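Q: Please find the sequence and the predicted model below.
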Amino acid sequence: MIFYAKSGKKIDVPDEEINKIALGLGVSFSEAVQIWLEDAEYEINEEQEALDASAKKVKVNHGAEEAKRGPKKGTPRNVKVSNEKKELFDTIVKNLDRCWGVSRENIKILKENKLIEVTFNDKTFKIDIIECRKMRK
């Protein structure tokens with residue numbers, strides 16, 4: 001069906017969409033055509049424009065709840081170091097300078113009971129000690 005908008009523009013409006021709007025909303029045929037023209041933005045609905053303008057003024061802060069209470073604080077990590085791991089770490093550190101070309105000043109302990117860095121012959125090596133625990137049943 002062909003209609004003319006208020007601007008004088010010729011518009012082809014699909015009949016099945018008009019019938020669907022009229023039946024779905026329970027409005028007359030002319031109101032359904034008007035709704036379709038406004039939805040397709042051929043005509044301007046003053047009330048809808050006012051609602052859109054007021055909605056654009058509202059700023060939504062999606063992180064509002066987190067900003068109010070602050071970031072979540074997790075429980076601190078409790079690292080358990082066994083006596084065997086401490087003994088192994090100390091033994092490795094004490095005996096590294098026995099290696100040819102390694103002196104005490106070239107050995108750095110990056111993490112206690114965990115990570116050692118050794119430099120010799122212009123090369124750097126890291127020794128990471130990881131204790132494997134038994135799986136729980």
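A: Alright, I've got the coordinates. None of the values given here were measured: they were computed from a predicted structure.

Q: List of residues touching the longest helix along the chain?
A: Secondary structure assigned by DSSP state H gives helix 83-96 as the longest helix of the chain. Outside helix 83-96, the residues within contact range by CB atoms under 8 Å, 6 or more residues apart in numbering are V102, I107, I109, E112, N113, K114, I116, V118, I127, I129, E131. Placement of C-beta: from N, CA and C, glycine included.

Q: what about stretch 115-130, distance to the chain center?
A: Relative to its chain's centre, stretch 115-130 lies at 36 Å (CA atoms, centre = their mean, to the nearest Å).

Q: same check, this time on stretch 44-63
A: Per CA atoms, centre = their mean, the centroid offset for stretch 44-63 relative to its chain is 27 Å.

Q: tell me which residues of that stretch are tucked away?
A: Going by neighbour count (16 or more other CB atoms under 10 Å), nothing in stretch 44-63 comes out as buried.

Q: Next, the buried residues of the longest helix of the chain.
A: F89, L96.

Q: before we move on, back to that, out of the contacts of helix 83-96, which comes closest to V58?
A: Of all the contacts of helix 83-96, the one with the least separation from V58 (CB to CB) is K114, at 51.7 Å.

Q: and the closest one, how many neighbours?
A: Other residues near K114 come to 16 when the count uses other CB atoms under 10 Å.

Q: Got phi/psi on it?
A: phi -140, psi -60 (degrees, to the nearest 10).

Q: E38 sits in which helix or strand?
A: Secondary structure from DSSP states H and E places E38 in helix 29-39.

Q: list the helices and strands that helix packs on?
A: helix 15-25 (3 or more CB pairs under 8 Å, 6 or more residues apart in numbering; DSSP states H and E).
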